[in-house]
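Peer 1: Okay, predicted coordinates and the sequence, questions at the end:
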Amino acid sequence: MSLEPDQRYSRQLLFSGIGTEGQQRLAIARVAIVGCGATGSALASLLARAGVGTIRIIDRDYVEPSNLQRQSLFDESDAAEALPKAIAAARKIAAFNSQIVVDPHVADLTPSNIAALLEGAQLILDGTDNFETRYLINDFAVQQALPWIYTAAVGSYGVTMNIIPGKTACLACIFPEPPRGLLETCETAGVLNTAVNWAASVAASEALKLLVGAEDRLRQSLLSFDLWSNQHGEVTAAHPRGGCHACDERKFLHLAGKDRPQVTLCGRNSVQIHERARAVDLAEMSKRLKPHGAVRYNDFVLKFWHEPYEMTLFPDGRAIIKGTTDTTVARSLYARYVGS
Ligand SMILES: [Zn+2]
């Protein structure tokens, strides 16, 4: 089946805010989505269906059964195979829109790879689950004068803000330190898929405005909505804050940060190890690990069960070790079975 763009996007072409010219702009647009969990999946799905021409998806994680309640691009077979989310997302998008380019990267965004991973993107979308990565994106976006859209959801609450460097406030203008209320994670407070989709829908709409050149329609505020209590809030973010260390003083502390050797993931009883820049041959590693526990692997990921731990190893040498939040334990497990 070949679908002409006129057919595929007919309902969007009829919408006066987009029309033929807007659709052509979307077709040549290049965006990067950092993190492809719940909000990232929803953002990627909406923008891919809307015809954004090139979508780079960067995610460090793999699909698990507990993701399926809200991460709309994944299905049970992705979870059974523990496919990396970036790969699973690219496959799913290709099934509903094969006429756009999706460029998946299974990687953790760090100060040392951010320039390469975000190269060429005209807009960055936030699908992350942590402030550390958001501050890193903010530093890079402000330094490079690239727009980005902050998006988060936890519990029944969603929040989003457009950051247009040089025009609006940046993330560090509003939150010089990570906000307290948002430190609840999806692990501790749970999350409704409706809160995720609310935040992603608002953010994706802003992305479409930006990409078609409707800058005058962009919202200039930090917008939040609690779908359970019906409380909503809006804080103006129309102007940069004097004294902001990022956009006023241009001190990019997060971008200058050294490579983080290990990161404890979002309250998930797991530790990420990222200390080897050396590639790992998963087939070879599987043979080596077999005497020590159950092993399964595919082209993208290897899983190794060694009670009470579960290790997921990626071809770039990165590993996620589940069953501990102790970085020393995780590190020694990694050193013992993968190498130091
Ligand atoms: Zn700022």
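Peer 2: Cool, the structure landed.

Peer 1: Parallel or antiparallel, which strands does the one helix or strand Val31 maps to pair with?
Peer 2: Val31 is part of strand 30-34 when elements are defined by DSSP states H and E. Here strand 30-34 is paired, per DSSP bridges, with strand 54-59 (parallel), strand 123-126 (parallel).

Peer 1: Any figure for the gap between the residue positioned nearest the centre of the chain and Ala90?
Peer 2: With distances taken as Cα atoms, centre = their mean, Gly35 lies nearest the centre of the chain, 1.4 Å away. Using Cβ to Cβ, to the nearest Å, Gly35 is found at 15 Å from Ala90. C-beta coordinates here come from the backbone N, C-alpha and C atoms, glycine included.

Peer 1: Please name the nearest non-neighbouring residue to Gly242.
Peer 2: Leaving aside its chain neighbours, Gly242 sits nearest to Asp248 (5.8 Å; criterion: Cβ to Cβ, 6 or more residues apart in numbering).

Peer 1: and the one you found, how many residues sit next to it?
Peer 2: Neighbours of Asp248 under the rule other Cβ atoms under 10 Å: 15.

Peer 1: Checking it next. Helix, strand or coil?
Peer 2: coil (DSSP: H, G, I helix; E, B strand; the rest coil).

Peer 1: I figured it was touching Arg241, is that so?
Peer 2: Yes - if you go by Cβ atoms under 8 Å, Asp248 and Arg241 touch, sitting 7.0 Å apart.

Peer 1: what residue ranges in this protein score low on pLDDT?
Peer 2: Judged against pLDDT under 70, the low-scoring parts of the chain cover residues 1-2, 180-188, 258-267, 275-277, 340.

Peer 1: follow-up on the earlier one: want to throw the strands paired with strand 30-34 into TSV with mean neighbour count?
Peer 2: TSV is the format used below for these (neighbours: other Cβ atoms under 10 Å):
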stretch	mean neighbour count
strand 54-59	25
strand 123-126	25
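
Peer 1: chain center to the strand holding Val31, what's the gap?
Peer 2: 9 Å (Cα atoms, centre = their mean, to the nearest Å).

Peer 1: do the same with stretch 309-317
Peer 2: 20 Å.

Peer 1: do the same with stretch 234-252
Peer 2: Centroid displacement of stretch 234-252 relative to its chain, using Cα atoms, centre = their mean, is 23 Å.

Peer 1: Could you tell me the end-to-end distance of it?
Peer 2: Taking Cα to Cα, to the nearest Å, stretch 234-252 runs 27 Å from one end to the other.

Peer 1: now do stretch 273-284
Peer 2: Termini of stretch 273-284 sit 20 Å apart (Cα to Cα).

Peer 1: which residues of the stretch 201-340 of the chain fall in helices?
Peer 2: Under the criterion DSSP state H, counting those that start in this stretch, helices of the stretch 201-340 of the chain are mapped to 253-256, 282-289, 327-337.

Peer 1: TSV please, covering these and showing distance to Gln144 and mean neighbour count.
Peer 2: Shown next, in TSV, are the helices of the stretch 201-340 of the chain (distance: least, Cβ to Cβ, whole Å; neighbours: other Cβ atoms under 10 Å):
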stretch	distance to Gln144	mean neighbour count
helix 253-256	10	15
helix 282-289	35	14
helix 327-337	32	16
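
Peer 1: wait, which of those is closest to the ion?
Peer 2: helix 253-256 (12.4 Å; Cβ to the ion).

Peer 1: what does the protein put close to the ion?
Peer 2: Taking Cβ under 5 Å from the ion, the part of the chain that reaches the ion is made up of Cys170, Ala172, Cys173, Cys244, Ala246, Cys247.

Peer 1: Just the buried subset of those, written out for PyMOL, thanks.
Peer 2: Selection of the buried residues among the residues of the chain next to the ion in PyMOL, burial being defined by 16 or more other Cβ atoms under 10 Å:
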select buried, resi 170+172+173+244+246+247
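
Peer 1: could I get the residues of the chain next to the ion as CSV with distance to Asp299?
Peer 2: Below are the residues of the chain next to the ion laid out as CSV (distance: Cβ to Cβ, whole Å):
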residue, distance to Asp299
Cys170, 39
Ala172, 39
Cys173, 43
Cys244, 44
Ala246, 39
Cys247, 42
